[in-house]
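[1] dropping a prediction and its sequence here:
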Number of protein chains: 2
Amino acid sequence: MTSAENFNEVPAHVWPRNTARQEDGVITIAGVPLPEIAEEYGTPVFVVDEDDFRSRCQDMAKAFGGGDNVHYASKAFLSKTIARWVDEEGLNLDVASIGELSIALAADFPAGRITAHGNNKSADFLRTCVREGVSHIVLDSEQELELLDLIAAREGKVQEVLIRVKPGIEAHTHEFIATSHEDQKFGFSLASGSAFGAARAAINAENLKLVGLHCHVGSQVFDADGFSLAAERVLGLVSRIHAELDAESLSILDLGGGYGIAYTAAEEPLNVAAVAQDLIAKVSEHAASLGIDTPQLMVEPGRAIAGPSTVTVYEVGTIKDVHVDDDKTRRYISVDGGMSDNIRPALYGSEYDARVVSRFVDGESTASRVVGSHCESGDILINDEQYPADIRTGDLLALAATGAYCYAMSSRYNQFTRPAVVAVRAGQIKPMLRRETLEDLLALEV
Amino acid sequence: MTSAENFNEVPAHVWPRNTARQEDGVITIAGVPLPEIAEEYGTPVFVVDEDDFRSRCQDMAKAFGGGDNVHYASKAFLSKTIARWVDEEGLNLDVASIGELSIALAADFPAGRITAHGNNKSADFLRTCVREGVSHIVLDSEQELELLDLIAAREGKVQEVLIRVKPGIEAHTHEFIATSHEDQKFGFSLASGSAFGAARAAINAENLKLVGLHCHVGSQVFDADGFSLAAERVLGLVSRIHAELDAESLSILDLGGGYGIAYTAAEEPLNVAAVAQDLIAKVSEHAASLGIDTPQLMVEPGRAIAGPSTVTVYEVGTIKDVHVDDDKTRRYISVDGGMSDNIRPALYGSEYDARVVSRFVDGESTASRVVGSHCESGDILINDEQYPADIRTGDLLALAATGAYCYAMSSRYNQFTRPAVVAVRAGQIKPMLRRETLEDLLALEV
């Protein structure tokens, strides 16, 4: 829990790497004072520390032996600028819809470095993937396997594919975002043999080339053992495929994403470098023990790259002290956004770190709740923290680590217009996505 | 729970009033076959039964003694067409942001029949309300009261206001959408005396005219006692204000919304006519017993008008049988939308009634889950139902009662494009909002 005493200290492991506080208390990112951005672009506004984002791409590439082994999961946050950064940093890209693919291609991201995901890919999406020449399509069902084989045949191509395997591991994380247990929509079960069956079907399909296997253990994972256990199980399947089927080498082992980041000062992000080193060693050992070649290990971080790079700056509005029970009052601090720009607290119970970024505050410790401006009482951004009592209307309050699944899941609930997104680097502001206008709200009217 | 045996029977209390099934099994709304709409507008598509929507406006007006007493809560779903229907049916309109106000004004909805809500109204929103001449602004905090008085003074106007009171009643409903207990962001506490204080301040403010009180007991309320208890408590405050303050008559008692609708066959909607009759009688009696004039009773239904009018039609994609445990298999039925067009199941655990609308199905009963196409395992639309086993890829599956808080909260998660919204009436299709395109996804790029 944030305490009022250390409220002016910005936790470095949660905030963007180029965050600093000036002597006057104003917080800067990459040398740009956040109040300056709020003034120019209005609030709420998403501020992306470009060098933070790029440095996490570099860290991932270094940890996993090169950018070719790291796919940025674009569902976390995608715009043309983001696609260009990922390209320039030499990473590959994951897309999970024709919309994500379209944005990547509009940014001239090379299709040959794109992998396609999804439990229910449309024929249109698959066809576009094949035509544009995406490197891999991750097969998720028998129906898709047959459909893709047909589409590839029509296009006169052989499409490289991975098979998504459910290794039966349930990561310790929020129920709604765990994705590796059996009772879920993604992938083929390893235990039931359906993953093996899919591999055989893919090998036999004339216009598909099976080049590897894929699995994903969950989101916001902090227990690294899940990754290595999943890797071991999937390697066992690779070994069985080699032994029983007339398979060329399955050279790729894609372990998906899920690398946990720190949303609050109390959390510690997963040490990706250490996890990668351990994983690479274990995969190599286990492959050797199975008598198979060590596969190319791939990962798909989204949140771990985009999440910590970004803060959302709000302006504080109404402040209200609410009597909760006989000996408790709670201060409700309203900000000018809410569940339309960050649904995660309402949806997952997610926690965030918030700081006043326009000045020092040092009032007495007060039980506080940060709420949005939507006409819904569940519109809560920060449920229960101790904040200084001198936070006041007009202050700029920023939530950190909002780079993933905030703008990406944003809505126009209550006809709120989407905030602007700007990048900052070396003292410069570069707008990425403009703020929506009231005119935009009418753009779809027929 | 839906059973496979009655899967072809469409529950009339959940689906739009003009729903019918043809002899060939195709479901029509207002005489328009849903497959025809899917063919022309693609899927997913929202289909609004215009006469259903209008008839619920009429029912509400009749129940509460006239359209002037009924404010449609536009946060449930708003477009220019909706605003026009509400206007034509003689109802008033609630808005909770400058965006909602702008759409209403763009549809030429008379400002004099608009009420403004919100816990953190921007100065811009308040100013526009005053300038345009909205009938009432519902005051939610002391700060707002002072700000509005200032704004009204600058505009040379006296603004009629209500005060939002927390009567301290917690409706039996989902925690996230109950809004009448004390520990929440909206309103002034009755128990602590802050509501009385606000009334005094409003009466003393030179450019405000206090004309009534407002409260809201929650969402999806099925226990009508909550409304009358809230009314009694708020009337008590009216009586105290009359006794202790130099007040003109507070003529309005606005009891907000929350009238529960049936989302599933097992639920029964609140009988609004009966509740209204009871409420009107109780308010009148209680006012008499307090020796005050019977106030004008107002209500603010959103969901109860928009919700049942609309269905979302999806196309079934991938179907997958997943081994859950030793003796259980679950069928995963994927559709081509999901949490981007309906976040309510993921956000509130909401349930829905789904039917195949393109033909009869009559297979064996199968434990089924309807999931969306998003890259997230929590992307579930219907968690656990028994459906016939012969639902297949290409079938059109529709969810009913999606008129409220679905399109209104829609996102572009995974860069999905928003569905089209069409109205149907007397055999005709009238497009309301066009489907978003891949080009739209790039419209905000700078």
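    Structure's in. What do you need? Numbers count the residues shown, from 1 in each chain, chains lettered A, B, ... in the order given.

[2] could you find the closest non-adjacent residue to the single nearest residue of the stretch 301-446 of chain A relative to chain B?
    Of all residues in the stretch 301-446 of chain A, the one sitting closest to chain B is A:Q415 (2.9 Å; C-beta to the nearest C-beta). Glycine gets a C-beta too; all of them are placed from N, C-alpha and C. In this structure, A:Q415 finds its nearest non-sequential neighbour in B:G99, 2.9 Å apart by C-beta to C-beta, 6 or more residues apart in numbering or on different chains.

[3] B:S55 versus that neighbour, what's the distance?
    28 Å (C-beta to C-beta, to the nearest Å).

[4] more neighbours: which of the two?
    A direct count of neighbours by other C-beta atoms under 10 Å in any protein chain shown for B:G99 and B:S55 places B:G99 higher, at 25 against 18.

[5] which residue does the stretch 1-150 of chain A bring closest to chain B?
    Per C-beta to the nearest C-beta, A:G99 is where the stretch 1-150 of chain A lies closest to chain B, at 2.9 Å.

[6] skip the chain neighbours and tell me the closest residue to A:M60.
    Of all residues not flanking A:M60 in the chain, A:V70 sits nearest, at 4.5 Å (C-beta to C-beta, 6+ apart).

[7] buried set for the strand or helix carrying A:H323?
    Here A:H323 sits within strand A:310-325, counting by DSSP states H and E. The neighbour-count check on strand A:310-325 (16 or more other C-beta atoms under 10 Å in any protein chain shown) flags A:310-323 as buried.

[8] repeat that for stretch A:39-46.
    For stretch A:39-46, by 16+ other C-beta under 10 Å, it's A:Y41, A:T43, A:P44, A:V45, A:F46.

[9] ok, which residues in the stretch 101-250 of chain A are in contact with chain B?
    A:102-103, A:106, A:117-122, A:140-141, A:143-144, A:175-179, A:182-186, A:189, A:191-192 (C-beta under 8 Å from any C-beta of the partner chain).

[10] check what pLDDT A:F176 gets.
    In the prediction, the pLDDT value recorded for A:F176 is 40.

[11] could you do A:D326 as well?
    76.

[12] A:D353 too?
    The predicted local distance difference test score for A:D353 is 98.

[13] apart from its neighbours in sequence, what residue is nearest the spatially most central residue of chain A?
    Residue closest to the average C-alpha location in chain A (C-alpha atoms, centre = their mean): A:R303, at 2.8 Å. Taking C-beta to C-beta, 6+ apart, and ignoring the residues beside it in sequence, A:R303 has A:A404 as its nearest neighbour in space, at 3.9 Å.

[14] surely the one you found touches A:F77?
    Yes: contact between A:A404 and A:F77 holds when scored by C-beta atoms under 8 Å: they sit 5.8 Å apart.

[15] quickly list what's touching both of these two.
    Contact with both A:A404 and A:F77 is made by residues A:G302, A:A306, according to C-beta atoms under 8 Å, 6 or more residues apart in numbering or on different chains.

[16] ramachandran coordinates for the residue nearest to A:M60?
    Dihedral angles phi and psi of A:V70 (degrees, to the nearest 10) take the values phi -120, psi 120.

[17] what's the helix or strand for A:V421?
    When the helices and strands are read off by DSSP H and E, the one containing A:V421 is strand A:420-425.

[18] run through who's touching that strand.
    Outside strand A:420-425, the residues that touch it by C-beta under 8 Å, 6+ apart are A:18, A:29-32, A:37, A:41-42, A:45-51, A:79, A:81, A:407, A:429-435.

[19] which of these are buried?
    Neighbour counting over the contacts of strand A:420-425 (16+ other C-beta under 10 Å) leaves A:18, A:29-30, A:32, A:37, A:41, A:45-51, A:79, A:81, A:407, A:429, A:431-435 as the buried ones.

[20] which residue ranges of the stretch 151-300 of chain A form helices?
    Taking DSSP state H, counting those that start in this stretch as the criterion, the stretch 151-300 of chain A carries its helices at A:194-204, A:225-244, A:272-290.

[21] can you check the stretch 301-446 of chain A too?
    According to DSSP H, counting those that start in this stretch, the helices that the stretch 301-446 of chain A contains are A:303-306, A:344-348.

[22] nearest to A:N8, of these?
    Each of the helices of the stretch 301-446 of chain A was checked against A:N8 via C-beta to C-beta, and the shortest separation belongs to helix A:344-348, namely 23.4 Å.

[23] what mean pLDDT does that closest one get?
    This predicted structure assigns helix A:344-348 an average pLDDT of 97.

[24] quick one: it to chain centroid distance?
    Between the mean C-alpha point of helix A:344-348 and the mean C-alpha point of its chain there is a distance of 15 Å (C-alpha atoms, centre = their mean, to the nearest Å).

[25] do the same with stretch A:34-49
    With C-alpha atoms, centre = their mean, you get 22 Å for stretch A:34-49.

[26] tell me if it is near chain B.
    No: under the criterion of C-beta under 8 Å from any C-beta, stretch A:34-49 makes no contact with chain B; the nearest approach is 10.2 Å.

[27] and A:E40, that's in a strand?
    No: the assignment for A:E40 by DSSP: H, G, I helix; E, B strand; the rest coil gives helix, which leaves it out of any strand.

[28] list the contacts for it?
    A:I429.

[29] quick one: pLDDT of it?
    We note a pLDDT of 98 for A:E40 in this prediction.

[30] distance of it relative to B:S251?
    46 Å.

[31] out of the residues of the stretch 101-250 of chain A next to chain B, which are buried?
    Among these, the ones that count as buried by 16+ other C-beta under 10 Å are A:102-103, A:106, A:117-122, A:140-141, A:143-144, A:176-179, A:182, A:184-186, A:189, A:192.

[32] take those residues and keep only those in strands.
    Among these, the ones falling in strands (DSSP state E) are A:S189.

[33] coming back round to it: can you tell me which of the buried residues of stretch A:39-46 is nearest B:L148?
    For the buried residues of stretch A:39-46, with B:L148 as the reference and C-beta to C-beta as the criterion, the closest is A:T43, at 20.9 Å.

[34] what kind of secondary structure is the closest one in?
    Classified using three-state DSSP, A:T43 is coil.

[35] among the buried residues of stretch A:39-46, which pair sits farthest apart?
    For these, with distances taken as C-beta to C-beta, the pair at the greatest spread is A:T43 and A:F46 (10.4 Å).

[36] joint contacts of those two?
    With C-beta under 8 Å, 6+ apart as the test, A:T43 and A:F46 both reach A:P419.

[37] tell me, which of the helices of the stretch 151-300 of chain A is the model least confident about?
    Comparing mean pLDDT across these, the lowest value falls on helix A:225-244: a mean of 93.

[38] which parts of it are buried?
    For helix A:225-244, the buried set under the neighbour-count rule, 16+ other C-beta under 10 Å, comprises A:226-235, A:237-242.

[39] coming back round to it: distance between the strand holding A:V421 and the chain's centre?
    On the basis of C-alpha atoms, centre = their mean, strand A:420-425 sits 18 Å off its chain's mean C-alpha point.

[40] any idea of the mean pLDDT in it?
    So the average pLDDT for strand A:420-425 ends up being 98.

[41] pull the contacting residues for A:S284.
    By C-beta under 8 Å, 6+ apart, the neighbours of A:S284 are A:T294.

[42] again with A:E300
    Contact analysis of A:E300 by C-beta under 8 Å, 6+ apart lists A:V70, A:H71, A:Y72, A:A73, A:D94, A:T115, A:H216, A:D254, A:L255, A:G256, A:G257.

[43] thanks a lot, see you next time.
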